[in-house]
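S.K.: Pasting the sequence and the predicted model now:
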Amino acid sequence: MGYRRRGLLKLVGGGIALSAAASALEHRRRDTASRAAVDDRQASAKDVVDQQAAPDDSGAPPAALSDRTDAVLDELAWFAGEYDAAVDSLQSAANAALEAVASHGEEIQLSDPVVARLDGQTDQPRLDRGWPYDVWWETGERRWRYVDVDWQQPSDEVTDETPLSSAAVSDLRDRTSAVADTFETELAPHFAGADAEASFATTTMDTIASFNDEGDIAMVVAGLVRLYEHYDALASPSYVERSLSDAPVRNRLADYLRSETGRSRTALFEVEYRRSSDRHRAFVYDATVDESRREELYRGEPLATIDGSTGATGGRRLQDVVSELSVSADRVDRCYVVVNEWDRPAERYYSAALTSQPLFVQRYDSAAAARDARDGLLDRSDISRAAVEVQLGAASPDAWTPIYFPHEGQPWSAALRQAGRHLFVVGVARRPFQHRDASWTAPLELAWVWQMA
């Protein structure tokens, strides 16, 4: 998914996405719901983070680094292998709801007084039973006429006691509930919004049914307009890009990648996940990052170079540099990460001026397989241990093994560690550790390997 500015619908991040035609009151309601969805998403991820960081009952050091890394890789595996089908399922369910709205809306018998009411020529009633906005644009345009429903021409002979049949109401309930169920089964807990979708479907259909029982045709039409706008927005590419984006990723993955230590600083992660033929590459950042800062990624490309995504001539890619440290035997998957402190470089767009550090992690079938991979690397004649200590976070210096390894005929430096079934490589650079100043670890303070070390 590209990063150029698009005309995006202003949609609620969890699922109560309505068209930009809603009134100012609806905008305020959606802003509140959006903040709540972000809070819920962050709280959910924080629960996982806190649980993984907690010591066990014996008081022994927890396997927090391995557990959190599983969370990171599992989330990326979902994006690489299941995300597209999940979004397709949601859009199919939303389109089915749209079809039901159009089909049943076309059967409603309209009269001249009802049309006059819908056009705002009479009382312009507000939908105050759970619907805090009306059916008109703020400029006075008639919103009900702009949905893709072939409403009947008005007639003085309205014979239906209720606008919708009981079968139609039941069908609409089924279709709208199916959208909420699809969100729950396909996209939760990766994205917030399932509860909001369920609430929207139930509340809106209950209100439509109530007006229908009263024979209030105008309010039933207004309810169908509400349904149509909601599911039309939900099925749109704009909603997916804004609220369910896989590139950039703005979901709980950002919390899995982050350390609590660096919460006061803005982090930008570049990730590339690989598992067999599955691959996913994206920027990842917190959902609270404002739109102006996101625009700094306008010309960015995740992991284009080891120092940042400028794609500058001569830039080295992390994937290429650590190829000598890639051990495929019994490996499940792997992930390349560049951890950036998003401190706004002098250039207009995201660039290599950001302070960053690379990280490479490989996941194996078992801890024994990961240990074998580590030992195999250290046994190689072209890889040697460096006579220097590397300490990250609270971990003992013995946890990380500084090494020299070959790349393009030159010795490069990195630190190696095995934790559980994971093998980590950090601090990859041409400059040896003993020639770096103490601040070289600063970007890693933003990453989970620092807190969990």
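M.R.: Yep, that arrived. Because the structure is predicted, anything quoted here is derived from the model rather than measured. Numbers count the residues shown, from 1 in each chain.

S.K.: contacts, neighbours, all on C-alpha from now
M.R.: OK.

S.K.: what sits against S276?
M.R.: D333 (C-alpha atoms under 8 Å, 6 or more residues apart in numbering).

S.K.: Now do the same for it: its pLDDT.
M.R.: Confidence at S276, expressed as pLDDT, is 92.

S.K.: Please parse this protein into its domains.
M.R.: 24-63+82-243, 258-451 (automatic domain parsing).

S.K.: And the helices in this structure?
M.R.: 24-53, 64-81, 83-105, 112-118, 166-182, 194-214, 217-234, 237-243, 253-257, 291-294, 318-321, 367-378, 448-451 (DSSP state H).

S.K.: For the fourth one, which residues meet the burial criterion?
M.R.: Pointing back at helix 112-118 there. 114-115, 117-118 (16 or more other C-alpha atoms under 10 Å).

S.K.: circling back: least reliable of the domains of the chain going by mean pLDDT?
M.R.: domain 24-63+82-243 - the lowest mean pLDDT of the domains of the chain, at a mean of 79.

S.K.: Distance from that domain to the middle of the chain?
M.R.: 21 Å (C-alpha atoms, centre = their mean, to the nearest Å).

S.K.: D171 touches E99, doesn't it?
M.R.: No: look at D171 against E99 with C-alpha atoms under 8 Å: they stay out of range, at 10.9 Å.

S.K.: residues making contact with stretch 182-191?
M.R.: 14, 41, 75, 83, 86-87, 89-90, 93, 193-195, 197, 244, 251-252.

S.K.: Just give me the closest of those residues to C335.
M.R.: Of all the contacts of stretch 182-191, E75 has the smallest distance to C335: 11.5 Å, by C-alpha to C-alpha.

S.K.: can you give me the end-to-end distance of stretch 428-435?
M.R.: End-to-end span of stretch 428-435 (C-alpha to C-alpha, to the nearest Å): 13 Å.

S.K.: burial count for the residue nearest to E270 when sequence neighbours are not counted?
M.R.: Sequence neighbours aside, F283 is the residue nearest to E270 in space, at 4.6 Å (criterion: C-alpha to C-alpha, 6 or more residues apart in numbering). Using other C-alpha atoms under 10 Å, F283 has 22 other residues around it.

S.K.: Confirm for me that F283 is in contact with L268.
M.R.: Yes: using C-alpha under 8 Å, F283 is in contact with L268, at 7.1 Å.

S.K.: for stretch 289-298, which positions count as buried?
M.R.: Buried residues in stretch 289-298 (16+ other C-alpha under 10 Å): 295-297.

S.K.: of these, closest to M219?
M.R.: E295 (41.4 Å).

S.K.: And S366, how close does it get to D372?
M.R.: Distance from S366 to D372, by C-alpha to C-alpha: 10 Å.

S.K.: All good on my end, thank you.
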